[in-house]
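Asks: sequence plus predicted model, see below.
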Amino acid sequence: MERLEPVMYFRLLFTMEIKTVATNRKAYHEYHILETFEAGIELLGSEVKSLREGKASLKEGYVLVKDGQAWMVGAHISPYSHTGHTGHKPTRDRRLLLHKREILKINKKLTEKGLTAVPLKLYFKRGWLKVEIALAKGKKLYDKRETKKKRDVERDIQRALSDTE
């Protein structure tokens, strides 16, 4: 096998694609996203295999900090299709792997009124599963209407521009 030069190996390692498994589009509708963090996640083998098949949902998920550790609660990872009767529980709490100062920062922000932490995206990055979590503030009904109106106007503008070309 031919040995790669360090620079080529570095380029190969860092140009690998990011494969998105699941996104929480509902979070962008329900919350104002203030700050995001990237965290690793502690999983069982059958959960990783299920995620490689793309079977996950973050709609009901949220993040808690208890006993100095961050936990993702309510996210659904379907059982792996080739596992026998001893699979994993789909909605079990999963520990997030963050630096201590990040956990303290998130915990401090969560104690503020109206802030919550929600998972936005599950993705594979260089073979490791990562979760993007966000500190968010809930939107009011009129904010949701305003966001929808802006999106519709932008879509109409894009449609008009594409018709002229």
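Replies: Now that the structure is in, tell me what you want to look at.
Asks: next SSE after the helix or strand bottoming out on mean pLDDT in the chain?
Replies: Across the helices and strands of the chain, mean confidence by mean pLDDT, DSSP states H and E is lowest for helix 6-14: a mean of 56. Using DSSP states H and E, the next helix or strand after helix 6-14 towards the C-terminus is strand 18-23.
Asks: helices and strands around whatever helix or strand comes next after that following strand, which ones?
Replies: Per DSSP H and E, the first helix or strand lying C-terminal to strand 18-23 is helix 25-30. On a contact count with 3 or more C-beta pairs under 8 Å, 6 or more residues apart in numbering; DSSP states H and E, helix 25-30 meets strand 115-125, strand 128-138, helix 141-164. Backbone N, C-alpha and C define where each C-beta goes, glycine included.
Asks: other SSEs contacting the last one?
Replies: Here helix 141-164 is seen to pack against helix 25-30 when contacts are counted using 3+ C-beta pairs under 8 Å, 6+ apart.
Asks: buried stuff in the helix it packs on?
Replies: Going by neighbour count (16 or more other C-beta atoms under 10 Å), the buried part of helix 25-30 is 27, 28.
Asks: which residue lies closest in space to the residue nearest to the spatial centre of the chain, excluding its sequence neighbours?
Replies: Nearest to the mean C-alpha position of the chain, by C-alpha atoms, centre = their mean, lies residue 121 at 2.1 Å. The shortest distance from residue 121 to any non-neighbouring residue, by C-beta to C-beta, 6 or more residues apart in numbering, is to residue 132 (4.3 Å).
Asks: now swap in residue 91 and tell me
Replies: Distances taken as C-beta to C-beta, 6+ apart put residue 76 closest to residue 91, at 5.4 Å, once the chain neighbours are dropped.
Asks: residue contacts, that neighbour?
Replies: Applying C-beta atoms under 8 Å, 6 or more residues apart in numbering, we find residue 76 in contact with 56, 57, 58, 59, 60, 61, 90, 91.
Asks: by neighbour count, which of these wins?
Replies: The most crowded member of those, judged by other C-beta atoms under 10 Å, is residue 58 (26 neighbours).
Asks: where does pLDDT dip in this protein?
Replies: Along the chain, the parts satisfying pLDDT under 70 run over 1-16, 84-85, 165.
Asks: sorry, back to before: neighbours of the residue nearest to residue 121, how many?
Replies: Residues within reach of residue 132, counting by other C-beta under 10 Å, total 18.
Asks: now it: how far from residue 146?
Replies: Using C-beta to C-beta, to the nearest Å, one obtains 25 Å as the distance from residue 132 to residue 146.
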